[in-house]
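*Asks:* sequence unknown, structure follows:
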């Protein structure tokens, strides 16, 4: 392919992509292919001779599109959104054009320097405390995913506590043995509702992992008291807690841990690294009405949120802010001779490879720059507020049918979670069936506990069936989760095409499905 | 930005990108900005109101381009190449359009299934043993960088040996303690010339690290005997070697370890995971004349090479092949309730998140598919052979001036490494100055060892000066390295625009620089 063929192919691709976006509301959000659909559509191996682009392009329609789940569809209400945007796509195009694994400054100064500047822009935009700006001892870096960020933090935290505790020892076998022994006693902690990435990071780092309780009565939030309890339990067993993932917007319910309470605990345990994972909900911090959440972050060690979720920047783009960059560099810096250069040796430049696990890195800051400039802060605020409003609207619909649904949490950051009420068996007295969900009441006696157990089992069953029925119809895509034994449905509609009418329709689909499930069970809802 | 504005912006971007590629040979390969150049060119924070694309696009010229090091320039001869290509860029465009963090099958079946198919295509194309195909117990996955791959392998290897050794123990505190104790004795190994990623992976995994000797007399290759020696030394100290990175094309000299010898050692130590890192040179395996290297890989555990280096696929694209995928899944699989789904539970689909560290993943297989189809196997072979030929040509130029340069290694996979001969001080007798580089001779007595020491010191100094002078002139970009105490210059010209004339010019620049350096020292070369 030469440059004139590329021009032709790329212009044609742009038209196809723009048409795809125009057409998104009309496409079924969920692919209906069955496992293994793709292999029979392709030959057994690559062609010997090159093919024309027009032939390849045709296969996008034939082979790829039927197998896509359309995350940008307004009917995508599952997980959290992964927003793309037109400026984000332009960023990816230029990034691919300036293709470079820019592992140090001289490998492409613009890649490093734009990243430092836009991460400062982002930190200011979301009102992070000054300690996270690059002008002091901190700074921001773009990594791929929140999982990578959490692992990066966990390993840096593990090495930091070992450095601190064993500073008195000389380097050598004895110290290595002591470090190994200590590593085995280290405990990484996360909310029982924290994303699985913390547990996975602990596996990779070779440390233990403990969940911190965040029960329903605390709104699924980790409180200072709960964290302190876990720490003390660990200490009693001779274990050493060294890291905790605090969450601003848990995956299941968008709960926000009690940061003030956690900050109090940290004062007593300064060697525990607190990382705040705001992967999804952190984007709301562009709005002043959420910025009361940020001053307390100065007491913690690091923070991240994913612009690729809710800030209209194509995947991948996880913004990781660190209070003391030396906490990363002291773990991740290794400089073999083939990477040495006068700029790095001078100490005047940032080599982001020393802040992360991989060596090479893509030019991701371009898309951030394009998005921030195309929308402006006010444009981003308007989109976030629109989604928050849509969340309130959907919540009001669900709350309007207390006969069918029980709201569990929300609307929080555009997410509402709810359960489906179990059917009342025919002939059961109104009084018994009128019983509200006992989980919503405080209770102390065994009778109520048993009643809750039975109610919950029935509610879980019916909620799961409704969930599966809705997704199998394929008009909308939603997800479910289990928190504290409660099976629930989560609806979040926060992508760039989200509109009231789609949420209205989602609600109707849910009502229909609930009625069908109840009918099939031979019961009726209150 | 709406879709019509996107069309306009994107078409304009395509023209700018195509023009950039047309213009590449005329651009100075190395940016001449000084550290900190970018910040003063931009405001202190993001704009409040959105800006027009035409204003943003102008800033690419003003702010970004002056700070780019042009990896696609034919004058880029440093490190290893990071080839982009037109089909690769089209792949990135569609990947951005179909934006999805496809962490499991249902999140976009096409993303998972195309990856499985094209990784099988790649495995066949480079003649990997059948055990690395997905139809059996193995398979391929695209990860971001070789560093990620190595870490993924190291941690999986660490957990595999612990599982095997402690299979008899029941789960619980006692087993966790025992695991921690064992982890502290584990040793990851890599060639003394292996990429720094193995050492970094050992830090992250919390294990020890030992280099395996690969001296000059062995061609900088790790032999079976050398690996066995390191293993036995570790065992004697009560340590447990569990992992070794074998290299097909070391970073400094493109040395290929003695795979047959290593395979013999492995028979005696079946718990040691052997990963073969072919990051750069692996691309040459598309040519049958290199495929004698692959049958032995069946004795090892995993293999990777970076299509983003020498196979014309935009960064990032590291192809990781595993012989037994369960060795990854048993370490990396964690399934919280919000990720459960009927497809994954059925076991009929691949969830690549269980083969890797991050959860989300980009649609990277599209660019692989486009590249394989646009070039065809023959097209890729032709490009690789062209670069191999250019390497031979450059080597012949260097070898033609034995008065100035001494070839250290190569041409291997288009890489030649060499040193600059130190100047002969004025007035020294011809006989003494005629002395050839003693490093190239075998010697046994102290006199020769001293002579080599002095010669090497002088040669290192002059080679370093020549290297720095060439890069400071900025017409070509080259890199240097140190192996076994020898400071050398590496020249590899293997990007898509590489041509004989650029290597001819690079040679002239090197000769000029060498003559200037020698003259400045008041000496003359032989």
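*Replies:* In hand now; what should we look at? The model shown is predicted, which means the values in this text are computed figures rather than measured ones. Numbering: from 1, shown residues only, chains lettered A, B, ... in the order given.
*Asks:* which of the three states applies to residue A:344?
*Replies:* Following DSSP: H, G, I helix; E, B strand; the rest coil, the label given to residue A:344 is helix.
*Asks:* which residues sit in contact with it?
*Replies:* Residue A:344 is in contact with A:104-106, A:335, A:351, counting by C-beta atoms under 8 Å, 6 or more residues apart in numbering or on different chains. For the C-beta atoms, the positions are set from N, CA and C on the backbone; glycine is no exception.
*Asks:* are we agreed that residue A:266 is in a strand?
*Replies:* No - under the criterion used here (three-state DSSP), residue A:266 is helix, not part of a strand.
*Asks:* that one: neighbouring residues, count only.
*Replies:* 20 (other C-beta atoms under 10 Å in any protein chain shown).
*Asks:* local confidence estimate at it?
*Replies:* Residue A:266 carries a pLDDT value of 94.
*Asks:* try the one 3 residues further on
*Replies:* Taken from the predicted model, the pLDDT recorded for residue A:269 is 97.
*Asks:* can you tell me the SS state at the closest residue to it other than its chain neighbours?
*Replies:* Nearest non-adjacent residue to residue A:269, counting by C-beta to C-beta, 6 or more residues apart in numbering or on different chains: residue A:231, 6.2 Å away. State at residue A:231, reduced to three classes by three-state DSSP: helix.
*Asks:* can you give me the helices in the stretch 101-250 of chain A?
*Replies:* In the stretch 101-250 of chain A, the segments counted as helices under DSSP state H, counting those that start in this stretch are A:109-125, A:146-165, A:173-183, A:197-205, A:224-236.
*Asks:* which residues of the stretch 351-500 of chain A lie near chain B?
*Replies:* Residues of the stretch 351-500 of chain A found near chain B (C-beta under 8 Å from any C-beta of the partner chain) are A:357-360, A:362, A:366, A:369-370, A:372-379, A:468, A:479-482, A:490.
*Asks:* one more time with 10 Å
*Replies:* Residues of the stretch 351-500 of chain A lying close to chain B (C-beta under 10 Å from any C-beta of the partner chain) are A:353, A:356-363, A:365-381, A:468, A:471-472, A:477, A:479-483, A:487-488, A:490.
*Asks:* type out the ChimeraX command that picks the buried ones from the residues you listed.
*Replies:* Here is the ChimeraX selection string for the buried members of these, based on 16 or more other C-beta atoms under 10 Å in any protein chain shown:
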select /A:353,356,357,358,359,360,361,362,363,365,366,367,368,369,370,371,372,373,374,375,376,377,379,380,381,471,477,479,480,481,482,483,487,488,490
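*Asks:* which helix runs longest in chain A?
*Replies:* helix A:365-399 (DSSP state H).
*Asks:* now the angle between helix A:109-125 and it, please.
*Replies:* 30 degrees (axes from the mean of the first three to the mean of the last three C-alpha atoms, to 10 degrees).
*Asks:* average pLDDT for helix A:365-399?
*Replies:* 98.
*Asks:* same thing with stretch A:322-340?
*Replies:* Rounded mean pLDDT across stretch A:322-340 is 86.
*Asks:* now residue A:110. Nearest residue, chain neighbours left out?
*Replies:* residue B:67 (3.0 Å).
*Asks:* what sits against the one you found?
*Replies:* A:105, A:108-114, B:31-33, B:37-38, B:41 (C-beta atoms under 10 Å, 6 or more residues apart in numbering or on different chains).
*Asks:* which stretch in the helices of the stretch 101-250 of chain A has the least confidence?
*Replies:* Mean pLDDT across the helices of the stretch 101-250 of chain A is lowest at helix A:173-183; the value there is a mean of 87.
*Asks:* now do that one: which elements does it pack against?
*Replies:* Contact partners of helix A:173-183 among helices and strands, from 3 or more C-beta pairs under 10 Å, 6 or more residues apart in numbering or on different chains; DSSP states H and E: helix A:146-165, strand A:240-247, helix B:173-183, strand B:208-212.
*Asks:* make CSV from these and add mean neighbour count and distance to residue A:84 to it.
*Replies:* Below are these laid out as CSV (neighbours: other C-beta atoms under 10 Å in any protein chain shown; distance: least, C-beta to C-beta, whole Å):
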stretch, mean neighbour count, distance to residue A:84
helix A:146-165, 24, 18
strand A:240-247, 28, 25
helix B:173-183, 16, 41
strand B:208-212, 20, 41
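*Asks:* please, where are all the helices along the stretch 401-526 of chain A?
*Replies:* In the stretch 401-526 of chain A, the helices defined using DSSP H, counting those that start in this stretch lie at A:430-434, A:446-473, A:500-520.
*Asks:* burial measure for the residue nearest to residue A:269, as a count.
*Replies:* 22.
*Asks:* and it, how close does it get to residue B:321?
*Replies:* Distance, residue A:231 to residue B:321, by C-beta to C-beta, to the nearest Å: 43 Å.
*Asks:* just residue A:142 next, same as before
*Replies:* 29 Å.
*Asks:* any low-confidence regions in the stretch 401-526 of chain A?
*Replies:* Across the stretch 401-526 of chain A, residues meeting the criterion (pLDDT under 70) sit at A:425-449, A:523-526.
*Asks:* hmm, try it at 80
*Replies:* A:424-452, A:522-526 (pLDDT under 80).
*Asks:* packing partners for the host helix or strand of residue A:21?
*Replies:* Counting by DSSP states H and E, the element that carries residue A:21 is helix A:3-23. Applying 3+ C-beta pairs under 10 Å, 6+ apart, one finds that helix A:3-23 makes contact with helix A:53-59, helix A:86-97, helix B:3-23, helix B:86-97, helix B:365-399.
*Asks:* quick check: angle from the longest one to helix A:86-97?
*Replies:* Our comparison of helix B:365-399 with helix A:86-97, counting by the same axes, to 10 degrees, yields an angle of 30 degrees.
*Asks:* tilt between helix B:365-399 and helix A:3-23?
*Replies:* Going by the same axes, to 10 degrees, helix B:365-399 makes 160 degrees with helix A:3-23.
*Asks:* could you do the third one as well?
*Replies:* Relative orientation of helix B:3-23 and helix A:3-23, computed by the same axes, to 10 degrees: 160 degrees.
*Asks:* would you mark the buried spots in helix B:3-23?
*Replies:* Neighbour counts over helix B:3-23 (16+ other C-beta under 10 Å) mark B:6-7, B:9-11, B:13-14, B:17-18, B:20-21 as buried.
*Asks:* cool, the first one as well?
*Replies:* Of the residues in helix A:53-59, those scored as buried under the neighbour-count criterion (16+ other C-beta under 10 Å) are A:53, A:56-57, A:59.
*Asks:* let me know the closest of those to residue B:176.
*Replies:* Checking these against residue B:176 by C-beta to C-beta gives residue A:59 as the nearest, at 50.4 Å.
*Asks:* contacting residues around the closest one?
*Replies:* A:41-42, A:51, A:65, B:369-370, B:373.
*Asks:* residue A:513 too?
*Replies:* A:420, A:465-473.
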